[in-house]
Structures are given as structure tokens and as C-alpha cells.
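Chemist: Provided below for reference: sequence and predicted model.
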Amino acid sequence: MQQRLSGRQKAAILLITLGTDLSGKVLRNLKDTEVERLTREVMAMEKVSEEMKHDIVKEAYSIALSRNFLTSGGAQYARQMLVNGLGEQQAEEIWERLGPLRHNQRFGFLKEVDPSQLTAFLQGEQPQTIAFLLSYLSPSLASSVLTSFSSELQTDVALRIATMDRTSPDTIEKMEEVLRAKLATALSQEFSAVGGAAFLVKLLNTVDRGTERRILESIDAADPELAAEVRKLMFTFDDLMLLDDRSMQRLLRDLDSKDLVLALKGANEELRTHVFKNQSTRAAEMLKEELEILGPVRLRNIEEAQQRIANTARRLEEAEEIVIAGQGGDIVV
């Protein structure tokens, strides 16, 4: 239920939980439009369970904790502290004298982040940005992060570190501020998005096939609906790209032709080509003609057809009649 709530609904529940006095103090710090929207949400919620209130407060606390951890202190805070206490001119003089120390303290917040979290965060950054950040970490932490990357990315980052030019202090400060905010957001999402069927799927994708089957069978006996949801998340129609030619040909023999046409209506060109090349020339041409003459189709019907095909692929894979690349611990040679 909590996952289906919007951010504004969660905020409204938090205000209800805090009580009128504390909520009033919170609203004083918001814009009028935000106050109006939250007030409407509060009015719409006549009853909120104790369990829901507890979960929302826990989530809010986790987010606040992670943001506070990453936004407290730092160069920007120190500079503003000097300006407020000593005035602009004297603060600037002291700030200039602290130049070497400021360089050593750059991106200090990264040193407190677990290396695995830091690696996951940096995966989405450009090689130049990764190289820049690693150059400010201790050699041991930088090497721990670097060895977690692919060989190609390791080489790219290492070359960029070796050929890195001087960077202006203003550019460094701006980059530090941006990355601090991005990392705070990433960690807050990690705090609030734990567990659930999606997490279980990620877990099952790391275990061997036998363990996965035993876990799914146990879930199936206790909660069939949950087991079906997990299986649905474990293999999608787009994952047909993971099938080799022999497996795709085997799958196509079990598919309803109407389902295949509907499913390909919403498929990308790469997946369509993968299907066509594993059919006979005549069958591929007929399928292409059916796709061309097929009129508008409800998205729901397309998704249902795609799910039926995904379920068929899953069944054949469990029967060891096809192989899904990256879907288990067995090595096929």
C-alpha cells in the first residue's frame, strides 16, 4: 500500500502523524501552493492506520538521516560560517590561507560511504567524472572502487587519471556540491526502497537454479499470488533478446501466432529482427505482413500477449528446453 502512495500523500500522512502543532510549524516553511496541495491531501484522508503512520515516519527519518549525513559540514558550510561570524573581507582572507587544507578535504563525504555503495553510484557517471573523483580519494579506497568496474572502464578511467589537467577551484566546488546532492538522493532512495518482490528477484538472479526453484516452490505454497508476481518480474518479454537462436526457434514452436503478432506490435526493431531471423523466410514474411495490416491495439492487450510469451519462455527454461543467458549458475558449453 505504501509503495502505491504518491510523495504528496506520504507528506500528508506525516503531517497527520506529527499533530497540529508540529504540522503548523512545518507548513510555515512551505510555499502557499504547497500548503494548499498538502491541505487537500490531508482533508481527503479521514482514516490512517497506525501501521501506515509508523512506516511513513520510518521512511521520512531514513531519508532525513541520509541527507543530513551528506549535507552537514563541508566547504560551503565552512565558508558561510566564516562570512557570518567575521564578515566578507576577513572571511575571504582566512579562506585563501586555507587553500591547501581545502584541497585535501575535497569530496571528504565520499570517504564515509561504503565502497560498494560508492561503486554503484559511480557506475552511472562519465569516465572523466569518475577519474576526477578517484583522484581525491585515498589510494586504497580508489583502488577498491576501480577494481569493481569492468576492464574497459578501468582502462578508460586510469588513462584519464594519468592525463588529468589542472581544474579551477570554482569548478571543483560546483562539482562537489552537485555530486553531494546526487549521492544524498541516491542513498535516501536506497533507505526507503528495500525489500519487496523486486529485491527478491535481484536476489534470486544471483543464486543457482536449484536454490531458486526451491525458494519459488516454498513461496508458491505459502503465497501463490506473490510467487506469480516474482516470476513475472524475473523474465520479461524484452528478455527474449537473451535467447540464443536455437532457444528462440524452440520457443516459437510453442507460441500462439496471434499472441506473437500482438506482442511484436509493441516490440522494438532489434527484438523483431531477432524473431524474424529465427523463422523460415515464408513464416517471417507472413508475420511482417500481419504486423503491417494490424490496426490500433490496446496497450493492455499487447502487454498481456507479451506476458503470455514470457511465461511460455519461463516454462521451457524450467524444463531445460531453452537457455536464457544470465539466468542462473549453470554453464552451457
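Modeler: Ah, there it is.
Chemist: use CA for all of it now, contacts and neighbours both
Modeler: OK.
Chemist: correct me, but L27 touches V35?
Modeler: Yes. Counting by CA atoms under 8 Å, V35 is a contact partner of L27 at 6.2 Å.
Chemist: overlap in contacts of those two?
Modeler: Taking CA atoms under 8 Å, 6 or more residues apart in numbering as the contact criterion, L27 and V35 have no common neighbours.
Chemist: tell me where the model's unsure across the stretch 101-250 of the chain.
Modeler: Judged by pLDDT under 70, the stretch 101-250 of the chain has its weakly predicted residues at 101-115, 117, 164-173, 176, 179-200, 202-212.
Chemist: look at L255 and tell me its secondary structure.
Modeler: Remark: L255 carries the secondary structure label coil [criterion: DSSP: H, G, I helix; E, B strand; the rest coil].
Chemist: burial of it, as a residue count?
Modeler: Neighbour count for L255, taken as other CA atoms under 10 Å: 14.
Chemist: what's the answer for the one 10 residues further on, then?
Modeler: By other CA under 10 Å, 21 other residues sit near K265.
Chemist: any idea how far the residue lying closest to it once chain neighbours are set aside is from Q307?
Modeler: Sequence neighbours aside, L291 is the residue nearest to K265 in space, at 6.6 Å (criterion: CA to CA, 6 or more residues apart in numbering). The spacing between L291 and Q307, counted by CA to CA, to the nearest Å, is 19 Å.
Chemist: neighbour count: those two, which is higher?
Modeler: It is Q307, of L291 and Q307, that has more neighbours when counted by other CA under 10 Å, with 18 against 15.
Chemist: next, count neighbours for K10.
Modeler: For K10, the neighbour count with other CA under 10 Å is 24.
Chemist: can you pull the contacts of it?
Modeler: I56.
Chemist: next SSE after the host helix or strand of it?
Modeler: K10 is part of helix 7-18, with elements assigned from DSSP states H and E. Using DSSP H and E, the next helix or strand after helix 7-18 towards the C-terminus is helix 20-27.
Chemist: would you put the C-alpha positions of that following helix in CSV?
Modeler: Extracted in CSV, the C-alpha atoms of helix 20-27 (Å, rounded to 0.1, in the frame of the first residue of the first chain):
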residue,chain,number,x,y,z
THR,A,20,-1.5,20.0,14.5
ASP,A,21,1.2,22.0,16.4
LEU,A,22,4.3,20.5,14.7
SER,A,23,2.5,20.3,11.4
GLY,A,24,1.7,24.0,11.6
LYS,A,25,5.4,24.8,12.1
VAL,A,26,6.3,22.7,9.1
LEU,A,27,3.7,24.5,6.9
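Chemist: between the helix or strand that that helix is followed by and helix 20-27, how big is the angle?
Modeler: Going down the chain from helix 20-27, the next helix or strand is helix 32-44, by DSSP H and E. Inter-element angle recorded for helix 32-44 and helix 20-27: 150 degrees (by axes from the mean of the first three to the mean of the last three CA atoms, to 10 degrees).
Chemist: brilliant, that's me finished.
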